[in-house]
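> just to be clear, the model below is a prediction. Sequence and coordinates:
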Amino acid sequence: MKRLAAWLACAALVAGCATTTVPPIEGVIWQPHNDMLTPSGNWEQLGVKRLLVQWTAVDGTSFVENGGLPAAPKLPDWPRIGREPWAREVILGLAGRFNEKNARGAIAELAEQSQRVAQSKPPVNVVGWYFPVEIDPTWSEAKNLAPLLKALPRPLWISVYDSANIGPYELAESLASWLPPDVGVFFQDGVGVHAREAYVAKHYANVLSAKLGRNRVKLIAEAFRPKPGGGFRPATLEELKPQLAQYEGYAIYLFEGPHYVTPELTKQLASQQQLPRSQ
């Protein structure tokens with residue numbers, strides 16, 4: 001904790017001097033459910049070419065045909081999604097649960113369902129896979145995922161957050177002790193829920209990269225903020241711009257595109273990106 005405190009004291013002095021230019025955004029995240037089967041947006045204006053689909057099966061219902069589970073009443077228009085400029089490449093989520101506690105209690109079942117779902121991938125350009133059971137330090141049994149992850153397709157990713165605020169060094173050491181070395185990590189920055197400032201999230205990413213390897217770490221930027229009285233709203237340009245600027249140099253994924261990164265917000269962010277120099 002002393003290492004973290006010393007770094008934060010130094011970082012706080014320079015955080016205000018960081019660039020405020022919005023860097024290129026690699027991807028957006030989409031959470032399929034029965035009320036959100038037609039994701040649409042103009043995210044390619046930010047440089048987005050990759051879509052992370054949270055899951056293709058959730059709570060025993062499949063969003064793909066022949067997924068080994070009962071199909072949803074209506075399926076996404078996967079061919080149309082695959083033609084979108086922001087989905088030229090897709091990291092396809094496997095089987096999950098809406099409730100995190102339930103998901104953690106059913107990891108063996110979800111891993112088995114995931115193997116079946118992966119055999120029926122939709123007609124999109126799949127460049128990776130994502131196992132949607134999120135990891136944080138309060139889940140002491142997370143290490144039990146290791147043998148289950150080995151049976152899933154590659155390239156494979158999981159997501160991680162630090163709800164207990166144990167710090168980046170402890171989090172990195174814990175992950176490195178059990179995570180298969182060919183599995184990558186999406187780190188959830190926690191900025192949208194006011195768990196930490198963006199410069200602290202960047203420090204987490206730096207420490208994770210040093211421990212696991214830079215090519216195994218991507219950043220999830222929470223593009224929402226709490227609403228008075230409960231729920232969430234899209235972040236404003238003034239809120240999201242400095243958050244994203246902190247993550248320059250990392251592969252950034254916006255959570256969650258269809259709900260929070262509106263066409264108007266996308267245009268505003270694009271206007272704050274560094275334009276190529278004229279020849």
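Perfect, thanks for sending it.
> centre-most residue in this protein?
Within the chain, one residue has its C-alpha closest to the average C-alpha position: by Cα atoms, centre = their mean, that is residue 220, at 4.3 Å.
> and whatever helix or strand that one lives in, which strands flank it?
Element membership for residue 220 (DSSP states H and E) is strand 217-222. In the sheet, strand 217-222 lines up against strand 183-188 (parallel), strand 252-255 (parallel) (DSSP bridges).
> okay, now the residue nearest to residue 222 when sequence neighbours are not counted: neighbour count?
Of all residues beyond its chain neighbours, the one nearest residue 222 is residue 192 (2.7 Å), with distances taken as Cβ to Cβ, 6 or more residues apart in numbering. Glycine gets a C-beta too; all of them are placed from N, C-alpha and C. Residue crowding around residue 192 was assessed by other Cβ atoms under 10 Å; the count is 23.
> quick one: residue 192 and residue 227 touch, right?
No - no contact is recorded between residue 192 and residue 227 when judged using Cβ atoms under 8 Å, the distance being 11.6 Å.
> rewinding a little: beta partners for the residue nearest to the centre of the chain?
Listed beta-bridge partners, residue 220: residue 188, residue 253 (assigned using DSSP bridges).
> tell me if I'm right that it and residue 29 touch.
Yes - taking Cβ under 8 Å as the contact criterion, residue 220 and residue 29 are neighbours in contact, 7.0 Å apart.
> so what sits against both of these two?
With contacts defined as Cβ atoms under 8 Å, 6 or more residues apart in numbering, the residues adjacent to both residue 220 and residue 29 are 253-255.
> of those residues, which is the most crowded?
Neighbour counts for the shared contacts of residue 220 and residue 29 were taken using other Cβ under 10 Å; the highest belongs to residue 254, which has 28 neighbours.
> and the pLDDT for that one?
As predicted, residue 254 sits at a pLDDT of 98.
> and the helices in the stretch 151-279 of the chain, which stretches?
Counting by DSSP state H, counting those that start in this stretch, one finds helices in the stretch 151-279 of the chain at the ranges 168-176, 198-212, 237-245, 257-260, 263-270.
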